[in-house]
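Colleague: Sequence first, then the predicted structure, then my questions.
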There are 2 protein chains.
Amino acid sequence: MPNNTATRRPVAAADRAQKPRPRTAETRKRILDAAMTVFGTRGYNKGSLLEIAELAGMTHAGVLHHFGSKDNLLVAVLEYRDSDDVKDLDGQHVPPGSELLAHLVETVRLNMTRAGIVQGYAVLAAESVTDGHPAADFFRDRFDGLRHMIMGAYAPIAPRDTPEARLEIAASATIAVMDGMQVQWLLEPTVDMPAAVEATIAGLIAWLRGATQPL
Amino acid sequence: MPNNTATRRPVAAADRAQKPRPRTAETRKRILDAAMTVFGTRGYNKGSLLEIAELAGMTHAGVLHHFGSKDNLLVAVLEYRDSDDVKDLDGQHVPPGSELLAHLVETVRLNMTRAGIVQGYAVLAAESVTDGHPAADFFRDRFDGLRHMIMGAYAPIAPRDTPEARLEIAASATIAVMDGMQVQWLLEPTVDMPAAVEATIAGLIAWLRGATQPL
DNA sequence: TCACACTTACTGACTTGTAAGCAAGTAGAT
DNA sequence: ATCTACTTGCTTACAAGTCAGTAAGTGTGA
């Protein structure tokens, strides 16, 4: 709400410029996990600091002590979930080149065991397109990064003279199926999410190679 | 509409069981259009009845007079947007068989001229997976209907012995690309939404025909 | 005349965020 | 090793606002 960008620091202890105590990092993690759960199950707008705080075992003012504002907390949650230490817990390192494509399908399969996180991303990504949403920049950057990564995976198996724009179309479509399938799967868990992603990728490879017919 | 307890009507004038005046239908439409705009740009939870009412030229109590509750209004909006008279304004009737697939790409292209409605569906569909969301049933049914419709479009061009499950995978994936691309496009309008959908459909046809290689 | 389409006024629940204070941990000096 | 001074990590209390929904009343058209 008010412009922070703290010129003074009587106001915000949110940006931990000072010397945090040893157990503070733990507490922050507890809050971030609680926030992901609440934002995931309720959405950002309906999810309240009160509920997050209770889940983390504090008052809502305690949460604000650490993160300053609800907006800041959301961004922190998203960045925390993307950070490397968590990624290593979740799976392995991202493989280079075209192996990435098989890895994507494997990730989709893994995601079926953690509906909460999937729900968080699906809900927040779509919510981020609403006016003035604090996570808009995060997801714009995220899609951009993913697109380039996946373009790099399609490049070595596409014809050598394939234009960038064509690779980008395939990459965008790949991300889109994964995101779109998540919403369908969350509403109706019987749909075969990994099979749909795998079929789409296989089809897009054929398309890149010119092995498909126009509609 | 089912007549509720006909003896008294102290509580809800929301279900128009009585005799509405001629201009009432117009007013309701104005409210529904306003609601779609507001829910689309702000999301359901952040979008307020006050804002909808102002856009429709009333007080928020007036809106509640017509729809009873915010939940009811959301469901009414979604059903209104899906109703035939609106569809005919938006485009043509849905073609049968495999022509539907080309029609889908055309719809995607058309959707680029009405970002507001696209945003509404994208945001609300994802939001609907959150706990106790009033639109969950609507979107579950909608996805189910779309899936069967698109399965019917793939069936005539797939090999005759293609199992239903395989058609369903292709249909789910098709819907998923469209939905997923909408979010990417809303965040970054330079992505080629129709091309991605077209490529995916072409690829899925190849996949259904067994013309693709396993990953 | 009387139901319908509203408006005004209000309630109570929730919201994020702020202010101030307190207890415990930490650092430094002795 | 202990006392002191300061910081950190909270809490309680409060402020200010927004929200959906209700109740009651008004005017108007059928």
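Modeller: It's in.
Colleague: Hmm, A:A135 and A:S128 touching each other?
Modeller: Yes. In terms of CB atoms under 8 Å, A:S128 counts as a neighbour of A:A135; the distance is 4.2 Å. (C-beta placed from N, C-alpha, C; glycine too.)
Colleague: higher neighbour count, the two?
Modeller: A:S128 (24 against 21; other CB atoms under 10 Å in any protein chain shown).
Colleague: how about that one, phi and psi?
Modeller: For A:S128, the backbone dihedrals are phi -70, psi -20 (criterion: degrees, to the nearest 10).
Colleague: Got phi/psi on A:K29?
Modeller: Here the main-chain torsion angles of A:K29 (degrees, to the nearest 10) amount to phi -60, psi -40.
Colleague: Next: A:P134.
Modeller: phi -70, psi -20.
Colleague: Could you do A:P214 as well?
Modeller: Torsion angles, degrees, to the nearest 10, at A:P214: phi -70, psi 150.
Colleague: so the residue nearest to the spatial centre of chain A is in which element?
Modeller: With distances taken as CA atoms, centre = their mean, the residue of chain A nearest its centroid is A:Y121 (4.9 Å). Following DSSP states H and E, one finds A:Y121 within helix A:115-127.
Colleague: residues near the closest residue to A:P159 other than its chain neighbours, how many?
Modeller: Closest residue in space to A:P159, ignoring its immediate chain neighbours: A:R209 at 6.4 Å, by CB to CB, 6 or more residues apart in numbering or on different chains. Using other CB under 10 Å, A:R209 has 15 neighbouring residues.
Colleague: so the residue nearest to the centre of chain A touches A:Q182, yeah?
Modeller: Yes. At 7.5 Å, A:Y121 counts as touching A:Q182 under the criterion of CB under 8 Å.
Colleague: Contacts for the host helix or strand of A:G62, please.
Modeller: Assigned by DSSP H and E, A:G62 falls within helix A:60-67. By CB atoms under 8 Å, 6 or more residues apart in numbering or on different chains, the list of residues contacting helix A:60-67 from outside reads A:13-14, A:16, A:24, A:27-28, A:31, A:48-50, A:52-53, A:56, A:73, A:76.
Colleague: can it be found next to DNA strand C?
Modeller: Yes. Residues of helix A:60-67 are located near DNA strand C by CB under 7 Å from any atom of the strand, namely A:H60, A:A61, A:L64.
Colleague: Now do the second one: how many residues are near it, please.
Modeller: A:A61 is surrounded by 9 other residues when neighbours are defined as other CB under 10 Å.
Colleague: With the first one instead?
Modeller: Burial of A:H60, expressed as a neighbour count using other CB under 10 Å, amounts to 16.
Colleague: Identify the residues contacting the closest residue to A:T174 other than its chain neighbours.
Modeller: In space, not counting the residues next to it along the chain, A:T174 is nearest to A:I150; the distance is 5.4 Å by CB to CB, 6+ apart. By CB under 8 Å, 6+ apart, the residues touching A:I150 are A:L100, A:L101, A:L104, A:A170, A:A171, A:T174, A:I175.
Colleague: From these, which land in helices?
Modeller: Judged by DSSP state H, the contacts of A:I150 include A:L100, A:L101, A:L104, A:A170, A:A171, A:T174, A:I175 as members of helices.
Colleague: residues contacting the fifth one?
Modeller: For A:A171, the contacting residues are A:L146, A:R147, A:H148, A:I150, A:M151, A:Y154, taking CB under 8 Å, 6+ apart as the criterion.
Colleague: That one and DNA strand C: what is the separation?
Modeller: Distance check for A:A171 against DNA strand C: by CB to the nearest atom of the strand, to the nearest Å, it reads 36 Å.
Colleague: swap in the fourth one?
Modeller: Taking CB to the nearest atom of the strand as the measure, A:A170 and DNA strand C are separated by 40 Å.
Colleague: Grab the nearest non-local neighbour of that residue.
Modeller: Computed as CB to CB, 6+ apart, the closest residue to A:A170 that is not its neighbour in sequence is A:L204, at 4.6 Å.
Colleague: which element is the nearest residue to A:P134 once chain neighbours are set aside on?
Modeller: For A:P134, the nearest residue in space outside its immediate sequence neighbours is A:D71; the separation is 4.1 Å by CB to CB, 6+ apart. Element membership of A:D71, judged by DSSP H and E, is helix A:70-82.
Colleague: same check, this time on A:L55
Modeller: Using DSSP H and E, A:L55 sits within helix A:49-56.
Colleague: Just the CA atoms of the helix or strand hosting A:D144, as CSV, please.
Modeller: Using DSSP H and E, A:D144 sits in helix A:136-154. Coordinates of the C-alpha atoms in helix A:136-154 are reproduced here as CSV (Å, rounded to 0.1, in the frame of the first residue of the first chain):
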residue,chain,number,x,y,z
ALA,A,136,2.6,-10.6,-12.8
ASP,A,137,6.3,-9.9,-13.3
PHE,A,138,7.2,-13.2,-11.7
PHE,A,139,5.2,-15.2,-14.0
ARG,A,140,6.1,-13.2,-17.1
ASP,A,141,9.7,-13.8,-16.4
ARG,A,142,9.1,-17.5,-15.5
PHE,A,143,7.3,-18.2,-18.8
ASP,A,144,10.0,-16.4,-20.7
GLY,A,145,12.7,-18.4,-19.1
LEU,A,146,10.9,-21.7,-19.6
ARG,A,147,10.2,-20.9,-23.2
HIS,A,148,13.9,-20.3,-23.9
MET,A,149,14.9,-23.5,-22.1
ILE,A,150,12.4,-25.6,-24.0
MET,A,151,13.4,-24.0,-27.3
GLY,A,152,16.9,-25.2,-26.6
ALA,A,153,15.5,-28.7,-26.1
TYR,A,154,13.7,-28.7,-29.4
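Colleague: Show me which residues of that helix are buried.
Modeller: The neighbour-count check on helix A:136-154 (16 or more other CB atoms under 10 Å in any protein chain shown) flags A:A136, A:F138, A:F139, A:R142, A:F143, A:L146, A:R147, A:I150, A:M151, A:A153, A:Y154 as buried.
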